[in-house]
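Colleague: using only what follows, build the 3D model:
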Amino acid sequence: MEKSCTLLVHFDKGTPAIATEIKEALEGSDVSAKIDAMKKAISLLLNGETLPQLFITIVRYVLPSEDHTVQKLLLLYLEIIDKKDQKGRVLPEMILICQNLRNNLQHPNEYIRGVTLRFLCRLNETEIIEPLIPSVLQNLEHRHPFIRRNAILAMMAIYKLPHGDQLLVDAPEMIEKVLSTEQDQSAKRNAFLMLFNCDQDRAINYLLTNVDKVSEWGELLQMVVLELIRKVCRTNRGEKGKYIKIIISLLNAPSNAVIYECAGTLVSLSSAPTAIRAAANTYCQLLLSQSDNNVKLIVLDRLNELKSSHREIMVDRIMDVLRALSSPNLDIQRKTLDIVLELITPRNINEVVLMLKKEVMKTQNGELEKNGEYRQMLIQAIHSCAVKFPEVASTVVHLLMDFLGDSNVASAIDVAIFVREIIETNPKLRVSIITRLLDTFYQIRAARVCCCALWIIGEYCLSLSEVESGIATIKQCLGELPFYSIPEEGEAPTDASKNSQQPSSVTVSSRRPAILSDGTYATQSAASETAFSPPTIVQGSLAAGNLRSLLLTGDFFLGAVVACTLTKLVLRLEEVQPSRVEVNKVSTQALLIMVSMIQLGQSPVLSHPIDCDSYDRIVLCVRLLCSTGDEVRKIWLQSCRQSFVKMLSEKQLRETEELKAKAQVSYAQPDDLIDFYHLKSRKGMSQLELEDEVQDDLKRATGEFIKDGDDANKLNRVLQLTGFSDPVYAEAYVTVHHYDIVLDVTVINRTTETLQNLCLELATMGDLKLVERPQNYTLAPESSRQIKANIKVSSTETGVIFGNIVYEASNVLERTVVVLNDIHIDIMDYISPAVCTDAAFRSMWAEFEWENKVAVNTIIQSEKDFLDHIIKSTNMKCLTAPSALDGDCGFLAANLYAKSVFGEDALVNVSIEKQLDGKLSGYIRIRSKTQGIALSLGDKITLKQKGGS
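Modeller: A predicted model of the protein is given here:
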């Protein structure tokens, strides 16, 4: 059986010490050699060596030493050696130690006395302690506080021993007297702690007697007082009114640790608005006054918990929470914005948006390297505010449009998406947004932002002046045509539409290296010779803008978007421009731009040609401008926008449903008792106590005190470990709580004999680690015993626990082993559905390196039913909108997302197709940052996807 350990020391296994060398060093007179030898002896003992021959040597040569380090090491040695024989009796040689300990407790040096008293705290042998008790009690009255505080700790440890109350009969009375006269804060804290642990009623009486002085006590003592209050109020909730007054008084303590604990205690004990408001004020005060980022994150977590249970009170503190944005740490800023966005109301929206606008302006300084990411968070927060409260959109949209040309592409995309949504939901802002967008379009540098901005221009330029400005802006940003040219002999570059694709010759100087047709350099020695020159890109004038430079890098998807935007603008121009000549002129210019883009894509000047999709899209636009029908015109000018409106309404509907689901609360039964507030007795109750009583009544009425006990669910977690015919029957109830797994194993002796030294031996596979090894037990005939085993989990991976039960019977000489069934720890206990944006999903999908590809093999024949089955089996959230999954086309693709309790992300893509025979085929791909979660989820899907279970 493993022994308990009170000391841990690093041991270097490379050069183990030899017992004879240690013995020689201890017998010598060199103090430093003795110190080294004692350290080696302690390390060996801690790592399983016995060294029985050293004890007498240490008694003879180390015990008399006056060196303080040697005496400290001697006490550590005595702490870890075996002091009892196999029968549990104290070894006779330990009597030699008693006299030395008594001398140390009466030693003139305070340090020796103090460390000896600390040693007694870790001594469990009453036979050794009993003769030392008078010396311990004498130290309670020593003049030095270091000795008094350790003497109190020693008394507490002795009193807690089995039969310790008989060794120190009147210890609580003595400690209470010490508490009334003691001046040292640390000693007072230890004395109160002893009363708290050994005689709680005395501690409560002392607290209530000195209730007016609590605020003057030291920080350590105040922390113990709060711990006592928590313990008392949990066992006796009716008494908490008078203790809450003490907590409120401690909120003004100078110690930040005390006021943090006070706030936490208030929230756990009371739901009264006054108490919650005081706790929220305290947390906000700590958030602003503390410079440590870890402290700020912890306080933000507490505020987030308060927001969930007491939103109305937290709404009043929203501006205090927002001040935490002054921290340069991104995690703090993100958490702050998450809390604030859920506390926005019509009353505070203007203040919040004003603060966010100021923060956005600050990010333009460029002093901090993370300014781009912070600006992106702020833009997303403002977007969320504007969607919830459209009236504030007008105050922020023009400011944010300045960031369409932001160097941080993600931030600029968020602005573009924000503008796209606001221009549809706020018709009054349409004209001003379009005007501003056309003015700032040339500043946009990212292709994805250009695509979004072009779509907005194509859909929302409605009047004649807007359409003409839109076309003019696009032409200006594309620059002069052509996009490339082929030089001819003795001539400047000519228009791309007139040239031939064959390279021409040109005279070059003999001093200059020539570029050959295969791209290599050649040194020329003749006076002049003919070299081939490939087509060259025409960069255009200085006024040529962003679209040209992006097209010349080979981004033909952007070219297709330009063509579609020009097509929409020309079609709308036909509706608003009375002059047919002007329409034809603009249409011709648009066609020229599209043809030039196709020629650029098919020319050798770019490293890769135009892709087929973009080519087909541009050609479609060319055909459309050449011959337009009414049906096609309707699709281009109306259907696109209607689809966008539908997408926005579905998004809003989903958000509303999620809010409704969060807001669901449990209600009481109709026959429950009703407690009338106005009929309640108010005698001797303060306003705070009255509020607290009412809140408790409301909790009872709404069923918040009632815990859901799903017995059927509990039975599902009971696992049979042995067979019914085995001499020992065992079953385990598995409880998974984030980082811990608790096995509650019930062992039943089914024989008519007593089983001795019965031991539950467990081992693990995967990222599971046993915390402690269960002890040996004796089991009477046909009796049972509960054995608990704790296991730590370090990652989201399917783990296996296996083992056996070993025992001895009186009529069998050998030990009997019963092998247990394996316990598989399910990954579903660690992951929960989560939500992320499409952009974040794509980013993680590209970044994560572990992929597990599972082929679809199922008896389910409906694509939608199969997807629902996978979502249910994997406990994941479907990110694909329901509207995108509607219809019956024989194909389905969806993205699923979940997050583990360890912060790991799990991404799943389901792509399935219905075959001609009605069966489903396809693949489920899982990606994650770590291998464990990808493999475990893959195994889970493979096991469950059939659909039979």
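Colleague: so what pLDDT did residue 638 get?
Modeller: For residue 638, the model assigns a pLDDT of 86.
Colleague: oh, I was asking about residue 595
Modeller: Note on residue 595: pLDDT of 92.
Colleague: least trustworthy helix or strand in the protein by mean pLDDT?
Modeller: Among the helices and strands of the chain, strand 504-509 carries the lowest confidence by mean pLDDT, DSSP states H and E, at a mean of 38.
Colleague: which residues touch stretch 771-789?
Modeller: Residues external to stretch 771-789 that are found in contact with it (Cβ atoms under 8 Å, 6 or more residues apart in numbering): 1-2, 728, 742-762, 770, 790-792, 807. Bear in mind the C-beta positions are built from the backbone N, C-alpha and C, glycine included.
Colleague: please check those residues and keep the buried ones.
Modeller: Among the contacts of stretch 771-789, those classed as buried by neighbour count (16 or more other Cβ atoms under 10 Å) are 728, 743, 745, 747-749, 754-755, 758-760, 762, 770, 791, 807.
Colleague: which ones among these are found in strands?
Modeller: Taking DSSP state E, the ones among those that sit in strands are 728, 743, 745, 747-749, 755, 758-760, 762, 770, 791, 807.
Colleague: can I get these in a markdown table with distance to residue 654 and pLDDT?
Modeller: A markdown table is the format used below for those (distance: Cβ to Cβ, whole Å; pLDDT from 0 to 100):
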| residue | distance to residue 654 | pLDDT |
| --- | --- | --- |
| 728 | 54 | 92 |
| 743 | 41 | 86 |
| 745 | 45 | 90 |
| 747 | 51 | 93 |
| 748 | 52 | 93 |
| 749 | 57 | 91 |
| 755 | 60 | 88 |
| 758 | 56 | 88 |
| 759 | 55 | 89 |
| 760 | 49 | 89 |
| 762 | 46 | 87 |
| 770 | 45 | 79 |
| 791 | 39 | 85 |
| 807 | 58 | 89 |
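Colleague: wait, which of these is closest to residue 345?
Modeller: residue 791 (45.9 Å; Cβ to Cβ).
Colleague: point out where the stretch 651-800 of the chain drops to low pLDDT.
Modeller: Within the stretch 651-800 of the chain, the stretches with pLDDT under 70 are 659, 661-716, 738, 773-774, 795-798.
Colleague: for it, which segments count as helices?
Modeller: Counting by DSSP state H, counting those that start in this stretch, the segments of the stretch 651-800 of the chain that form helices are 687-701, 711-716.
Colleague: cool, the stretch 451-600 of the chain as well?
Modeller: Per DSSP H, counting those that start in this stretch, the stretch 451-600 of the chain carries helices over the ranges 464-478, 546-551, 556-576, 580-602.
Colleague: buried residues of the first one, list them for me.
Modeller: It refers to helix 464-478. Residues of helix 464-478 classed as buried by neighbour count (16+ other Cβ under 10 Å): 466-471, 473-475, 477-478.
Colleague: what's the angle from whichever helix or strand residue 621 is part of to helix 556-576?
Modeller: Using DSSP states H and E, residue 621 sits in helix 612-626. Relative orientation of helix 612-626 versus helix 556-576 (axes from the mean of the first three to the mean of the last three Cα atoms, to 10 degrees): 20 degrees.
Colleague: what packs against the host helix or strand of residue 380?
Modeller: Using DSSP H and E, residue 380 falls within helix 371-388. With contacts defined as 3 or more Cβ pairs under 8 Å, 6 or more residues apart in numbering; DSSP states H and E, helix 371-388 has these neighbours: helix 330-341, helix 349-362, helix 393-401, helix 409-425.
Colleague: and that helix with helix 409-425, angle?
Modeller: Counting by the same axes, to 10 degrees, helix 371-388 lies at 20 degrees to helix 409-425.
Colleague: what does helix 371-388 contact?
Modeller: Applying Cβ under 8 Å, 6+ apart, the external contacts of helix 371-388 come out as 330, 333-334, 337, 340-341, 344, 349, 352-353, 356-357, 359-360, 363, 365, 368, 392-393, 396-397, 400, 403, 406-408, 410-411, 414-415, 417-418, 421-422, 425, 652.
Colleague: and it with helix 393-401, angle?
Modeller: Calculated by the same axes, to 10 degrees, helix 371-388 forms an angle of 160 degrees with helix 393-401.
Colleague: circling back to that earlier point, closest to residue 276 among the ones in strands among the buried ones among the contacts of stretch 771-789?
Modeller: Of all those, residue 791 has the smallest distance to residue 276: 37.3 Å, by Cβ to Cβ.
Colleague: list the contacts of the closest one.
Modeller: The neighbourhood of residue 791, defined by Cβ under 8 Å, 6+ apart, consists of 740-743, 762, 764, 768-771, 801.
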